Structure formats: C-alpha cells, structure tokens
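# below: sequence and its predicted model.
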Amino acid sequence: MHITMIGGGYVGLVSGACLAAFGARVIVIENDPIRLDRLKAGNIPLYEPGLDELIAEQRQAERLAFSDDLASALQKSRAVFIAVGTPTRRGSGHADLSYVHAAARAIAAHAPDGLLIVTKSTVPVGTGRQVAAIVRQARPDLTFHIASNPEFLREGHAIADFMQPDRVIIGLEGDPTAPSSTARTLLETLYAPLNQPESRLLFMGLESAELTKYAANAFLAMKVTFANEMADLCEATGGQIADVTRGMGMDPRISPHFLMPGPGYGGSCFPKDTQALATSARQAGTPMQLIETTIAANEARKRRLAERILALAGNDITHCTIAVLGLTFKAHTDDMRQAPSLTILPLLHEAGATLRVYDPQGMDTASPLLPDGILYADSPLHAAEGADILLVLTEWPVFAALTPTQLAPRMRGRLILDYRQIWQGHNWQKAGFHYHCLGCGTHRDSGS
Ligand code: UDX
C-alpha cells in the first residue's frame, strides 16, 4: 500500500521508515529544501539510534522515498499521515496548529477520492475534526476518511517503541466498533505485523485518541515530578529515594518506571504536551490543577537546583570551575529542547562560574543556545581538567563508566553532583570525594 507521510522530522522519519519496514511504500514529504537535500543524500538531520540504517535499508528496498511533491505523492496514496510539528505557541501554552492546518489545506488541494487522512502529530482534542472540516470545505465533492493515530515514541528508543509498541491507538470518526470501516481496514493492513498474534490495535473515537496521547504524556510527566518531589523530602529527612521508589514500584499499580529523580523533565513532548493539555482543559472549563502544578513544579526545580549548586560551591563562585557532563534533555539523543541545562547553566554562568561542558551528541545543538564564554571540552576527562565541581545532568553511559581514579588526578576540587544517580556514592566517598546525588538523605542524629 502506498502512503504519504507529511513531515520529515522526528515523528515523520521514524514512522515512515517503520511503516516501510512493515511493507508499505512510503513517500515522506519534506518542504524544507536543505533538509530534503540532506535526507536524499542519506544524511539524516537528527540523532536517533538505528534510524540511519533503517532509512538506508528501506530506501534500498525502494519502500521509502523523500520528496517535496505532495500532489504526485497523494495521487499514488491510499493514506496520508500528518506528522508536522505542533510547537507550543509562545506565551499562551496553546499548541501551534498552523502547520497541521496548512497540511490539511495542501491535502485538500490534491486528495484523490477515498483518501484516508491520519493525524499522527500530537494535537489538542478536536483537531481531527478541524482537519476534516478544512478538507470538506475545500472539496465538498471529495469522499475521504479521517483517523487519529498518535505516536508514543521515546527519543533514543523510538524504533523499538514503534516496532514493539504496548499499544497502537487509533481514533475513528464513525463508530469505532464498526468492523468494516475503510479507515479501520486500511490501518489494520498498515499495522498488520502488530496485529499478530494478538492485536495491539486499540480503536476508539477521534477525541478519545487525541486525549489518550496527552493523558499518557501528562501522567508520565506528573509521575516524574512526583519522584522529584519525593527525592527532595528524602534529602530533608534522611530517606533514600532509590529505596522508596523501589518499595513503591513493586506495586504493579504503580510500577517502578518513571520514578527516577532528575533535574526536571525536558524534551519536545512533556513540556509541550502538559502545557497544551492544561490549556485545553482550562478552555473546556475543567482546569487540571495537577498538571498545572506539575508544570510549575518542574520549572521551579531547574532554578532551585542551580541555586543549590551555587550554595554548594560556596559564596565566591567566580573562582570556581564546574565541569558539566551532559547537556541534552536525556541520554541517547541530540535534542536540546527544554533541556534543564538551558536553565541551570546560564544561572551558574551569570554567577561567575567557569563552565567546561561535554556531551557526546548535543554540543553542536547546544552551543548556539548557551551563553558565550562556556568552554566545550572534547571528552569527559577534558571537561574535568582543573574542575572544582563535577556536575552530571544527563545519564550518558560514557559518564557512568568514569571512575574516581580517572578523575582524582584531573580535578582541582572534590565535589561530585550526580543529578542522574549514575554512580555509587560510596566509591567516590572512599576516594576522598564529596558525593551528592538527588534524593540521598543523610541521616541526622535525632538531637540535631
Ligand atoms: C516522551 C514519552 O515517553 C513518549 O511516550 C512520547 O511519545 C514522547 O514524550 P521523550 O520526550 O522522548 O518521550 O522522553 P522520556 O524518555 O519520556 O523522558 C521525558 C523526560 O523525563 C526527560 O527529560 C527524562 O530525563 C525525564 N525522566 C524520565 C526523568 O527525569 N525520570 C524518569 O524516571 C524518566
């Protein structure tokens, strides 16, 4: 089956390449000429483990192609996926749907009869029906179908998440239980490998599918924020967050996942999706205070950690060199969107600290976003040279492999701030370091 994927970004590239691997013939439409040239040259403009190889393999098999000609792509397609960006509109918290609406208009102009229009981008509830209205208004004569098929891809893990999903959510315009609907049949064909041995396709109404995506992400963001706040309480009362979350997580209703404290959640999804959901809820007259509090707590955490670092560095930070390991919002990505480092490092820099940073993938993306004067090292050990403090902000495996023996001769000071809990504190304390992690309370004598 021929399909068109509009958007050669993170979601469009992963989804297009994986659907090609499932047997579809996919044309990814990319309007940015520079990005399109890079894609055609096999130079994938983002870091996602395994994506380069998967795209090359599918292009080799002639199941995947890149183009900017939507008209001819649609003529050959049974389905078109809208996988364009839905960034947060500055100031309002709304999702910016201008790219989605533009895609709907472009589809309307060239859609063949019977086309299935699937929204894969994360969109506020009701957007699918807006897409249908735009197409219907432009082409009253056209027979077409619409569906919602949100993605649940984690950066750094996206291909596995697509190929072995917990579930595939499909929202349909008509009765989702009607077995014979065209949309349902086409999508069951596209996702056939996920239909066996038991189907992981979950059909529901359009609005339910759009809400499910936001609900999942907002809940996960809230869960991470809960772990972050529990970590603070552990620090204040002598608890160990690793023990508390292990104790919690053995309850299958809670599960141990997404309870690792960190410097705050970032990325292109949690911040955007929590904002969009809170805005949609407010507009619907049912404000979600839990999500609004999660957003505020997450922002406050990044600033509070910067203040904590300044306090730990002592009063005069102007003579302090801080080695920073990790800039990206998490490991296994080059994505800097809403990374905690973008809040924390400017505050440390402003206070006069000398910052020497290293990230395996993120430095090119990060440097235009960070203040001038920050020093970019070419390895973790180079970053540590002469440092008074070593701060871990991203859990890259290359950092976890570092040892006190390697760092002791290089660092000037002995303070380790492991804000991703990648190391065992006692190994560093034995080597004479002062080791701090998040949620590791130090027991205070009752008399203190
Ligand atoms: C997320 C959702 O997981 C995915 O299903 C959705 O499709 C897109 O958004 P992603 O943004 O790639 O994926 O990152 P994820 O791995 O979910 O982490 C999100 C943020 O939470 C990161 O900043 C990460 O560092 C943080 N996090 C995650 C924690 O701080 N602790 C955890 O235990 C887990």
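Okay, I see it.
# now the longest helix along the chain: buried residues?
Secondary structure of the chain per DSSP state H: the longest helix is helix 206-237. Residues 206, 208-214, 216-228, 230-232, 234-235 are the ones in helix 206-237 that count as buried (16 or more other C-beta atoms under 10 Å). (Glycine included, C-beta is placed from N, CA and C.)
# ok, stretch 68-76 next?
70, 73-74.
# so what touches that stretch?
Residues outside stretch 68-76 that contact it (C-beta atoms under 8 Å, 6 or more residues apart in numbering): 2, 4, 6, 27, 29-31, 33, 36, 67, 80, 106-107, 109-112, 115.
# quick one: average pLDDT of it?
On average, the pLDDT along stretch 68-76 is 97.
# returning to that earlier point: can you narrow the buried residues of helix 206-237 to ones near the ligand?
Contacts with the ligand within the buried residues of helix 206-237, counted by C-beta under 6 Å from any ligand atom: 217, 220, 224.
# so what's the residue count around Val14?
When neighbours are defined as other C-beta atoms under 10 Å, Val14 has 26 of them.
# which residue packs closest to it, ignoring adjacent ones?
Closest residue to Val14 apart from its sequence neighbours, by C-beta to C-beta, 6 or more residues apart in numbering: Ala158 at 4.6 Å.
# what parts of the stretch 51-200 of the chain come near the ligand?
151-155.
# write a PyMOL command that selects only the buried members of those.
Buried members of those, defined by 16+ other C-beta under 10 Å, are picked up in PyMOL with:
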select buried, resi 151+152+153+155
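# how about CSV for the residues of the stretch 51-200 of the chain next to the ligand, with pLDDT and secondary structure added?
Output for those, formatted as CSV (pLDDT from 0 to 100; DSSP: H, G, I helix; E, B strand; the rest coil):
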residue, pLDDT, secondary structure
Glu151, 96, coil
Phe152, 96, coil
Leu153, 96, coil
Arg154, 95, coil
Glu155, 94, coil
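# same list (the residues of the stretch 51-200 of the chain next to the ligand) but as a markdown table, adding distance to Gln164.
Output for these, formatted as a markdown table (distance: C-beta to C-beta, whole Å):
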| residue | distance to Gln164 |
| --- | --- |
| Glu151 | 14 |
| Phe152 | 11 |
| Leu153 | 12 |
| Arg154 | 12 |
| Glu155 | 16 |
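# okay, which residue is most central for this structure?
Compute the mean C-alpha point of the chain, and by C-alpha atoms, centre = their mean the closest residue is Gly267, 4.3 Å away.
# that one against Leu342, yeah?
No. The pair Gly267 and Leu342 fails to qualify as a contact (C-beta atoms under 8 Å) at a distance of 11.8 Å.
# which parts of the stretch 101-250 of the chain are helices?
For the stretch 101-250 of the chain, applying DSSP state H, counting those that start in this stretch gives helices covering 127-138, 158-163, 182-190, 206-237, 241-249.
# between those helices, which gets nearest to Leu327?
Comparing those by their distance to Leu327 (C-beta to C-beta), the top pick is helix 206-237, with 19.2 Å.
# that closest one vs helix 241-249, what angle?
140 degrees (axes from the mean of the first three to the mean of the last three C-alpha atoms, to 10 degrees).
# get me the contact residues on the stretch 301-448 of the chain for the ligand.
Counting by C-beta under 6 Å from any ligand atom, the stretch 301-448 of the chain sits next to the ligand at 329-330.
# for the residue of the stretch 301-448 of the chain found nearest the ligand, helix, strand, or coil?
Distances between the stretch 301-448 of the chain and the ligand by C-beta to the nearest ligand atom are smallest at Lys330, namely 3.7 Å. Counting by DSSP: H, G, I helix; E, B strand; the rest coil, the backbone at Lys330 sits in coil.
# residue contacts, it?
155-156, 266-267, 394-395.
# closest to Arg337 among these?
Nearest to Arg337 among these, with distances taken as C-beta to C-beta, is Gly267, at 6.0 Å.
# and that closest one, what is it in contact with?
Neighbour list for Gly267: 155, 329-330, 335, 337-339 [criterion: C-beta under 8 Å, 6+ apart].
# and it, that one's in a strand?
No. Per three-state DSSP, Gly267 lies outside any strand segment and is coil.
# and stretch 29-48, what's its mean pLDDT?
Mean predicted confidence for stretch 29-48 is 95.
# can you pull the buried residues of that stretch?
By neighbour count on 16+ other C-beta under 10 Å, the buried set for stretch 29-48 is 29-31, 35-36, 38-39, 44-48.
# stretch 299-316 too?
Going by 16+ other C-beta under 10 Å, stretch 299-316 has these buried residues: 301-302, 305-306, 308-310, 313.
# and of those residues, the nearest to Asp251?
Taking C-beta to C-beta as the measure, Arg301 is the one of the buried residues of stretch 299-316 closest to Asp251, at 25.1 Å.
# could you check the angle whatever helix or strand the closest one lives in makes with helix 206-237?
Using DSSP states H and E, Arg301 sits in helix 289-312. Counting by the same axes, to 10 degrees, helix 289-312 points 40 degrees away from the direction of helix 206-237.
# mind starting the numbering at 452 from now?
Okay, residue one is now 452; in that scheme the one you just asked about reads as helix 740-763.
# tally of neighbours for the residue lying closest to Pro707 once chain neighbours are set aside?
Using C-beta to C-beta, 6+ apart and skipping the chain neighbours, the partner closest in space to Pro707 is Gly700 (2.8 Å). If you count neighbours by other C-beta under 10 Å, Gly700 ends up with 14.
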